[in-house]
Each structure stands twice: as structure tokens, then as C-alpha cells.
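**Q** take this sequence and fold it.
(2 chains)
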Amino acid sequence: MIDTLANYLSYDFVRHALVAGSLSAILAAVVGYFVIIRNVGFASHALAHIGFAGAAGAALLGLSPLEGMLLLTVSSGVFMGATGDKLQRRDLAIGMVLSMALGLGTLFLRLYSTYAGQAKAILFGNIFGVSKSQITEMVVLSLISLGGLAFFSRRLLFASTQPLLAEARGLSLTGISIAFMVVLAVSVTLASQVVGVLLVFTLVIAPAGIALRLCRSFWSGLIVSVLLGLVAVWVGILLDCLTDLPVTFWIAAMFFVLYLVVEGYCRFFTRSDR
Amino acid sequence: MTAALQISDLTISLGGNAILSGVNATINEGEFIGIFGPNGAGKTTLVRCIIGTLPPTRGSIEVLGLPVGKASRQIGYMPQGHAGFDSTALSARTLVEAACYGDRWGIPWTSRKSKQEVDRVLEVTDAGHYANRPFSVLSGGERQRVMLAQALLGDPKILVLDEPLASLDPKNQALLIECVARVKRLTRTTVLFVAHDLNPLMHVMDRVLYLAGGGAALGKLDDVVTSASLSKLYGFEIEVVRVENRIFVVSAEGNVTECAHHD
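**A** Reported below is the predicted structural model:
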């Protein structure tokens, strides 16, 4: 089995998959950590699907699919962030933007029927089809997103955990919300290049969600989240090579089992009531 | 001596309704002020105005001689309700650390100096021994002491506590009040304590700010909480009944408007 693995690793497409997968996993785990703390899981799910419409509509504007996705997700992210921090109002705004985007996506698919094959790749991801130039593109965008996030993450954490207090200290909750949604939009778009729109949600929610059930400090949680994301992507890719079952299935299955174990552990061993 | 808080002709309208109109009050440094009033009298609205997140419609508030907003670092604030930490295992200490210099740029790295500051405030409110447990498993009383610790970060000159007793049982109410009183003794800070029931605070308050009917009355408990003074404020007949050192504020029809544990 070791030989088979070594053999697979000698292929460029497998190595590219590992690099692209790792980048997506790191970015998604870091951003996902704040998604869980801020309780904006629905927004991250919606942004991925909105990206799908952007990719489908890109041809209309003569853009590449990635550019189309970024354009639509970032502008939707700004809109969602600007609708404010009230959860119910935010859910409605996200739902409306999402349904409009999905409607446009189906319209574009009808108008450009030749595009149907590519649509499948965007929905399900094509981790073994990542080219060298795509990797460069991903490295640059990941660095920009992580750099941006690092720049305001202290304020973001404060505003996410204690919004009223942060506001009293003079922070603009709307400004922070918009900035985070833009970072989230870029990250989700990048990660969906690899695992596909349907499963990007897994990489954003699962590692951070599990880490935050277990870890008590900010940094331990962040590190565990990133490690979980990385290991899941690596093991998923190798299992795909060995079994020929899709990588996204493996990643989702591993996280689901891990989630059940952690949830069971938390309920059994810690006082979850007051 | 500059006043801790100078409220001049303060009028606040929300959505066209005047919540407070023409309120004047001067609060001195080091005073413990209890802020009371029925639901909807504008207690939280006044608090939001003092901490600078709600601009007044007319009039002004000066904090330590500075316009509101310039002095936000001098105010320690404890909001009503809890942090949204319920779904995570993040500890109470992490919550306080996030608030320590939380308005700076960069990554949320906690320096040694900040760690000491966080330890200090947790000790003051006697929350240090459970601060490493997840915030989500703490009891209501334990959580409130963490939130109070957070308000003490950076040694504020004024503490603004918005209904910290809500949803606490009498024993934990007494613990928290004792804690605030101890902080006030140690630091000579000014305390604005918003509460629904004035009885638990009677022995620690210097003066009372009573809000009702869009107006406010500030003064000693015995001067403000009287049938005559409150009837004037409410605009209808109010009776203040004293039973064994406990005070009940009752409207003439017999509805208890104060002292009832609100829901």
C-alpha cells in the first residue's frame, strides 16, 4: 500500500491536489472559526451557491469563471454584511440574495447550454484538475484573505463575542461585518474551486465547529481547526487515490463520524447544562 | 471637582416617540447611583446614550467634563444579557481576553501585560477560580461576575451596569452587589447601577435616579421614592409603601409597578 501511495505521489496532478487542498483547508478552517463564533453558517453556505451563479454568468460578461464567482460573491457579501447584525433580518436578506442568485444560475445555464459540463465541475469540484497557474492564483488570493483577516481579527473577535461592548468602545459593527463577509466570500470561492460548491460548506463549518466544541482558548481552537482541516483533506485525497471513491465523500464522511464522536464525548463527559 | 456625569436638557426620541425629555442630572465622582423605573421608562436608552452608542435628540451628556465618545475608555460597561458563547467551549477567560484591548488592530494575541490585567479583574470579582471553564457551562451568577470583570478592564472611572441582577436568584444578586460595592470601595469609581427592584441596593446606594413618564428625579432615596415625588413623575397617583425596611411602589389601582420580578 505504501508503494501504491508513493506511486500516486509521483504524479503532478496528485501533488497539485495536495497543495490546492491544503490551501483551501487552511483558509476555510481559519475563516470558518469566525463563522462559528459569529453564527453565520447560513451566510457561508449561501455564498458558495451564489458563486455558482457567478461562474455561470461569467461568460455573459466575458470573464473567467473564477472572476465571475468572485465578483458575485464579494458583492453579495458586502450586501449581507451591510444588512446589519440582527440575526433574523440577516437570515432573510441572505435567503433572498441566495434565491435570486440560484434563479440567475439556472437562467445562465439555459442561455449557455454548452456550459453544463463545467457547471458540474463547479458544483462537485475537481481537485485533481488543478493546474499550476490556478495554484499560483490561489496562493495569491489566500495570502490576501488571510492577511486582511489578520489585520482586523482582533477587532473581529471582540465584535463577534461582545457586540454591545465593542460598539461602546467605538468599533463599527457594520464595518466589521462587511469586512468579514468579503473575506468569507473570497475564501468560500477559493475553496469551492477545489471541493466544489456543494461541499465547501464542509471545510468551512466542520473543522472549526468540532474544534470549538473541544478547545477553550482562542489559539488552541484555531490551531486544532486548521490541523483537522489539513488532515481531512490529505487523508481524503489519498483515500480517493486508493479507493476511487470521490474525495469530497471521504472528507464529509470523516468529519461526520468525528462530529458524532466529539458530540457524544461532550454530552457524556462534560456538563452541558448549567 | 468635575462631575462624573453632567446630563443637560437630555431628550431622546426613538421612532418619533420621546423616551426621555428635558432630563437634567449631575452625578458626582465616586457616587453609587441606582437607576430605576418601570419597563419602557428609558433606562437602557439612557445607558446607550451615556456609553455613546445612541446620539441624543437634543441636549448633551458630558462624561468627566468631556463630550460622550471622547471618554469611552473611562467607562466600564456591562451590557444587559449574555455573550453569544453558548455553542462553544471557549472559556470565560478567553471572553475577557477578547475584550482586553479588543479595539486594537492586528491579531488577537494576548500579551503578558494583558494576561496580568485579565487575571487582576477576574480576581477582583472572585471569578478567577472558574475562569478556565467554558463560559457556556457557568451558572447565571458566575457569568455575571465574568461580565463584571470585563467591565473593569483598564480601570474605568465610571461603571455602567445595565440590569446585572436580571435573572439572578436573591443569593447571587447579593453576591454581585457585594462585589460591585467592594470594587467601588477599592477604586473609588462612580457606579451607575440599573435595576428593576430597589430593595437589594438600598444599603449601598448614595442616590437614586428614578425614570418615569419621560422625566427623571435624582436625589436621596428618602426624597425621591415617596408617594408625592413619584406621583408627580409618573403623572398619576403612586403610593410608596414601606414594610419592614422594604419599599414597594404601587399604583393607586393596586398594581405593583415596582418590586415585581419582571419576566
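**Q** helices along the stretch 1-150 of chain A, start to end?
**A** Using DSSP state H, counting those that start in this stretch, the helices of the stretch 1-150 of chain A run over A:2-9, A:12-38, A:41-61, A:65-82, A:87-111, A:116-124, A:132-161.
**Q** show me what the residue lying closest to B:Ile27 once chain neighbours are set aside is bridged to.
**A** Leaving aside its chain neighbours, B:Ile27 sits nearest to B:Leu5 (4.1 Å; criterion: CB to CB, 6 or more residues apart in numbering or on different chains). For glycine as for every other residue, the C-beta is placed from the backbone atoms N, C-alpha and C. Note on B:Leu5: beta-bridge partners B:Ile27, B:Val63, judged by DSSP bridges.
**Q** tally of neighbours for the residue in the stretch 151-274 of chain A that chain B sits nearest to?
**A** Residue of the stretch 151-274 of chain A nearest chain B, by CB to the nearest CB: A:Phe158 (2.8 Å). When neighbours are counted by other CB atoms under 10 Å in any protein chain shown, A:Phe158 registers 24.
**Q** ok, it touching B:Gly102?
**A** Yes - assessed by CB atoms under 8 Å, A:Phe158 is found in contact with B:Gly102 at 2.8 Å.
**Q** okay, and the common contacts of these two?
**A** Shared contacts of A:Phe158 and B:Gly102 (CB atoms under 8 Å, 6 or more residues apart in numbering or on different chains): A:Leu165, A:Ala166, A:Arg169, A:Leu171, B:Pro108.
**Q** of the residues you listed, which is the nearest to A:Asn7?
**A** A:Asn7 lies nearest to B:Pro108 out of the shared contacts of A:Phe158 and B:Gly102, by CB to CB, at 43.9 Å.
**Q** which residues does B:Gly141 contact?
**A** Contact partners of B:Gly141, counting by CB under 8 Å, 6+ apart, are B:Leu168, B:Asp169, B:Lys171, B:Asn172, B:Leu175, B:Leu176.
**Q** if the most centrally placed residue in chain B is in a bridge, with which residues?
**A** Nearest residue to the geometric centre of chain B (CA atoms, centre = their mean): B:Leu161, 2.1 Å. Beta bridges link B:Leu161 to B:Met78, B:Phe193 when assigned by DSSP bridges.
**Q** ok, it to B:Leu10 distance?
**A** 20 Å (CB to CB, to the nearest Å).
**Q** quick one: contacts for A:Thr189?
**A** Taking CB under 8 Å, 6+ apart, one finds A:Leu47, A:Ala48, A:Gly51, A:Leu66, A:Met69, A:Leu70, A:Thr73 in contact with A:Thr189.
**Q** just B:Gly213 next, same as before
**A** Contacts of B:Gly213 by CB under 8 Å, 6+ apart are B:Ala41, B:Leu233, B:Tyr234, B:Gly235.
**Q** can you rerun that using 10 Å?
**A** B:Leu20, B:Ser21, B:Gly37, B:Pro38, B:Ala41, B:Gly42, B:Leu230, B:Lys232, B:Leu233, B:Tyr234, B:Gly235, B:Phe236 (CB atoms under 10 Å, 6 or more residues apart in numbering or on different chains).
**Q** again with A:Met100
**A** By CB under 10 Å, 6+ apart, the neighbours of A:Met100 are A:Ile50, A:Ala53, A:Ser76.
**Q** burial measure for the residue nearest to A:Ser177 when sequence neighbours are not counted, as a count.
**A** Ranked by CB to CB, 6+ apart and with sequence neighbours excluded, the top spatial neighbour of A:Ser177 is A:Gly81, at 4.2 Å. A:Gly81 has 25 neighbours, counted by other CB under 10 Å.
**Q** closest point of the stretch 51-200 of chain B to chain A, which residue?
**A** B:Gly102 (2.8 Å).
**Q** for the stretch 1-150 of chain B, what spans make up the strands?
**A** B:5-14, B:17-27, B:32-36, B:58-63, B:66-67, B:75-78 (DSSP state E, counting those that start in this stretch).
**Q** tell me what the second one is packed against?
**A** On a contact count with 3 or more CB pairs under 10 Å, 6 or more residues apart in numbering or on different chains; DSSP states H and E, strand B:17-27 meets strand B:5-14, helix B:43-50, strand B:58-63, strand B:190-194, strand B:207-212, strand B:215-219.
**Q** can you list those in JSON lines and add mean pLDDT and mean neighbour count?
**A** Formatted as JSON lines, the helices and strands packed on strand B:17-27 follow (pLDDT from 0 to 100; neighbours: other CB atoms under 10 Å in any protein chain shown):
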{"stretch": "strand B:5-14", "mean pLDDT": "93", "mean neighbour count": "18"}
{"stretch": "helix B:43-50", "mean pLDDT": "93", "mean neighbour count": "23"}
{"stretch": "strand B:58-63", "mean pLDDT": "93", "mean neighbour count": "18"}
{"stretch": "strand B:190-194", "mean pLDDT": "97", "mean neighbour count": "25"}
{"stretch": "strand B:207-212", "mean pLDDT": "94", "mean neighbour count": "22"}
{"stretch": "strand B:215-219", "mean pLDDT": "93", "mean neighbour count": "19"}
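**Q** buried residues in the longest helix anywhere in chain B, which are they?
**A** The longest helix of chain B (DSSP state H) is helix B:170-187. By neighbour count on 16 or more other CB atoms under 10 Å in any protein chain shown, the buried set for helix B:170-187 is B:Asn172, B:Gln173, B:Leu175, B:Leu176, B:Ile177, B:Cys179, B:Val180, B:Ala181, B:Val183, B:Lys184, B:Thr187.
**Q** pick out whichever of those sits closest to B:Leu152.
**A** B:Val183 (6.6 Å).
**Q** surely the closest one touches B:Leu152?
**A** Yes - B:Val183 lies in contact with B:Leu152 (CB atoms under 10 Å); the separation is 6.6 Å.
**Q** hang on, the earlier thing: so which of the strands of the stretch 1-150 of chain B gets nearest A:Gly32?
**A** strand B:75-78 (30.2 Å).
**Q** give me the buried positions along that closest one.
**A** So strand B:75-78, judged by 16+ other CB under 10 Å, has buried residues B:Ile75, B:Gly76, B:Tyr77, B:Met78.
**Q** need the pLDDT of the last one.
**A** What it means is B:Met78. Model confidence at B:Met78, given as pLDDT, is 94.
**Q** quick check: it touching B:Leu159?
**A** Yes - shown here, B:Met78 and B:Leu159 form a contact pair, counting by CB under 10 Å, at 7.5 Å.
**Q** quick check: neighbours shared by the two?
**A** Both B:Met78 and B:Leu159 are in contact with B:Leu148, B:Ala151, B:Leu152, B:Val180, B:Phe193, where contact means CB under 10 Å, 6+ apart.
**Q** mind listing what the closest residue to the first one other than its chain neighbours touches?
**A** The one in question is B:Leu148. Leaving out its chain neighbours, the residue that sits closest to B:Leu148 by CB to CB, 6+ apart is B:Thr125, at 4.9 Å. Each residue near B:Thr125 by CB under 10 Å, 6+ apart is listed here: B:131, B:142, B:144-152, B:175-176, B:179-180, B:182-183.
**Q** do that again at 8 Å, thanks
**A** Contacts of B:Thr125 by CB under 8 Å, 6+ apart are B:Arg145, B:Val146, B:Leu148, B:Ala149, B:Leu152, B:Cys179, B:Val183.
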